[in-house]
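K.L.:
Please work out how this folds:
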Amino acid sequence: MDRQALDDGLLLVDLPDDGLTVRFYQILFDRYPAVEPMFRRDNKVQAAMLRTAIVSVLDHLDDGDWLTDNLHALGRRHGDMGVTAEMYDAVGECMIAAMVEIGGGSWTPAMTDAWQEALGVVSALMLDGHRAVATS
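P.N.:
Numbers count the residues shown, from 1 in each chain. Presented below is the predicted three-dimensional model:
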């Protein structure tokens with residue numbers, strides 16, 4: 001995984017007031033309106049929580065145990081809320097779309113590749129936790 005491209009990409013698009021994650025939710029709800037009712041919290045609060053989660057994952061990228069424990073737990077909670085496995089792809093798609101949009105001409109294909117890989121790993125770990133809910 002290209003750590004530098006991840007860091008550079010986040011630095012480029014991490015807007016004040018959780019602008020990246022706010023824009024992400026706008027794109028998600030525009031493209032996938034059926035998921036919006038699943039979000040009962042104020043969107044600003046939800047956006048702030050998502051930003052914190054993204055930063056935490058990047059901070060622990062080299063700590064496999066932390067990632068596994070925390071992302072499995074997060075996946076279980078999402079499973080309990082009714083999130084389906086298909087929704088993970090939509091989330092990745094919309095996050096990359098928000099990053100590309102905000103990054104504009106400074107966003108690079110290497111950043112897209114790195115973030116797609118990272119989001120894929122996050123999704124896989126969360127889905128492992130999610131599956132634990134589905135099979136119990």
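K.L.:
Could you use CA atoms for every contact and neighbour count after this?
P.N.:
Noted.
K.L.:
Could you list the low-confidence segments of the chain?
P.N.:
Applying pLDDT under 70 to the chain flags the ranges 41-42, 132-136.
K.L.:
What segments of it are helices?
P.N.:
Ranges of helices within the chain are 3-13, 19-31, 43-59, 64-80, 85-103, 109-134, based on DSSP state H.
K.L.:
Now render those helices as a markdown table, adding distance to residue 37 and mean neighbour count.
P.N.:
Shown next, in a markdown table, are the helices of the chain (distance: least, CA to CA, whole Å; neighbours: other CA atoms under 10 Å):
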| stretch | distance to residue 37 | mean neighbour count |
| --- | --- | --- |
| helix 3-13 | 27 | 17 |
| helix 19-31 | 9 | 20 |
| helix 43-59 | 11 | 15 |
| helix 64-80 | 14 | 18 |
| helix 85-103 | 13 | 18 |
| helix 109-134 | 20 | 19 |
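K.L.:
Not counting stretch 120-134 itself, show me its contacts.
P.N.:
67-68, 71-80, 85, 88, 92 (CA atoms under 8 Å, 6 or more residues apart in numbering).
K.L.:
Repeat the analysis, applying 10 Å as the threshold.
P.N.:
Applying CA atoms under 10 Å, 6 or more residues apart in numbering, the contact partners of stretch 120-134 are 54, 57, 67-80, 82-85, 87-89, 91-92, 114-119.
K.L.:
cool, stretch 3-10 as well?
P.N.:
Against stretch 3-10 from outside (CA under 10 Å, 6+ apart): 11-12, 20, 54-55, 58-59, 61-62, 99-100, 103, 106-118.
K.L.:
Stretch 49-69 too?
P.N.:
So stretch 49-69 is contacted by 1, 3, 6-7, 10, 14, 17-22, 24-25, 43-48, 70-74, 118-119, 121-122, 124-126, 128-129 (CA under 10 Å, 6+ apart).
K.L.:
Quote the end-to-end distance of stretch 76-93.
P.N.:
21 Å (CA to CA, to the nearest Å).
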